[in-house]
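# one predicted model, sequence on top.
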Amino acid sequence: MRAKSSAIESRTISVGTLAPDRAAGPDGPAGGTTASSFGTAQAALGVVAFSLTFPATVWGLEGFGPWSLVAVRSVLAAVLAGGCLLVLRAPLPERRHLPGLAVVAAGVVLGFPLLTTLALRTSTTAHAAVVVGLLPLTTALLSALRVGTRPSRAFWAAACAGAAAVAAFTVAQSGGALTVADAYLFGALLVCAAGYTEGGRLARVMPGWRVIGWALVLSLPLAVPLTAVALAHEPVRLTAHGVAGLLWVAAGSQFLGLVFWYRGMAAVGIPRASQLQLAQPLLTLVWSVLLLGERLTVAAPLTAVAVLVCIAVTQRARG
């Protein structure tokens, strides 16, 4: 709703991102140029798109079942991505890159949307936003394991502090015990972080927008039959909110948001763009109040700010 990021070389990845585009020209950054305000604006648009994912998912659930919403979302996003790949004559990915793209598809295209959608049936968007605010830290941990980097002690201390803050918030909000929704959210963190980490590795050899584009296209053989089965078993009510939510998570969150984000990162680089994305959980809290009328507990924004500070420390301490 999310989800990036909802994102590397041997450093951390932000939520909703994989890595900056590497190639020169239209598919990558212009080498040696200074960061432009236009690039910053594009990265900011990507963050805004990602921050609306959870509220849009809640709207989508008004008209669709959770499985239908995720399946139709994936198909629509894949059609958009496939059209762009075709129009821009993007080369087919090499066979050796297919396993990595499959991990991206499983984590970012299907796993994260499905698990967060299932969680949002019973969890508030504010609660989900705070928990999923740990995604940059989770991705950084998996990235360190995947590429064999050795982050500094300050990095690990900040990562543990952020995890502890979210764990305390989750237990307190759940009455002293984890709920099924919390299990879905923590599972979503792991699968999405795996997808972002593998996508970051692939983005070293192909532009980031092609990584997510081909991952979406590769998900079609699973998404299409899943859509048929889900629509046959889950009732559909075409409400204004339901349709608007579906269209946003498909076109805005899962495709256009990533396009803006990658182009922005290509122009301004990872560090500057990452600072923008630190505001994403807080933006989601704002949307939950404005669009859904949720009432925030004092703990929600305080925990989100605490996680933001921890992520900022990891950004500076990565090594």
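Happy to help now that I have it.
# just the helices from the stretch 1-150 of the chain, written as ranges.
For the stretch 1-150 of the chain, applying DSSP state H, counting those that start in this stretch gives helices covering 37-51, 53-60, 66-87, 98-104, 112-119, 125-132, 135-147.
# now the first one: buried residues?
If I follow you right, that is helix 37-51. Buried residues in helix 37-51, counted by 16 or more other CB atoms under 10 Å: Gly39, Thr40, Gln42, Ala43, Ala44, Leu45, Gly46, Val47, Val48, Ala49, Phe50, Ser51. For the C-beta atoms, the positions are set from N, CA and C on the backbone; glycine is no exception.
# ok and the host helix or strand of Trp214 relative to helix 66-87, angle-wise?
According to DSSP states H and E, Trp214 maps onto helix 208-218. If you take axes from the mean of the first three to the mean of the last three CA atoms, to 10 degrees, helix 208-218 sits at 120 degrees to helix 66-87.
# what is helix 208-218 packed up against?
Here helix 208-218 touches helix 66-87, helix 98-104, helix 180-202, helix 257-268, going by 3 or more CB pairs under 8 Å, 6 or more residues apart in numbering; DSSP states H and E.
# just checking, next helix/strand downstream of that helix?
Downstream of helix 208-218, the next assigned helix or strand under DSSP H and E is helix 220-233.
# what sits up against that next one?
Helix 220-233 is contacted from outside by Gly65, Trp67, Ser68, Ala71, Val72, Ser74, Val75, Ala78, Gly82, Val109, Leu110, using CB atoms under 8 Å, 6 or more residues apart in numbering.
# for Ala251, find the nearest of the helices of the stretch 1-150 of the chain.
For these, the distance to Ala251 is smallest for helix 66-87, at 6.2 Å, taking CB to CB.
# what average pLDDT does that closest one get?
Across helix 66-87, pLDDT averages out at 94.
# related to what we said a few turns ago, closest to Val286 out of the helices of the stretch 1-150 of the chain?
Taking CB to CB, helix 37-51 is the member of the helices of the stretch 1-150 of the chain nearest to Val286, at 8.1 Å.
# against which helices or strands is that closest one packed?
Counting by 3+ CB pairs under 8 Å, 6+ apart, helix 37-51 packs on helix 257-268, helix 270-277, helix 280-292.
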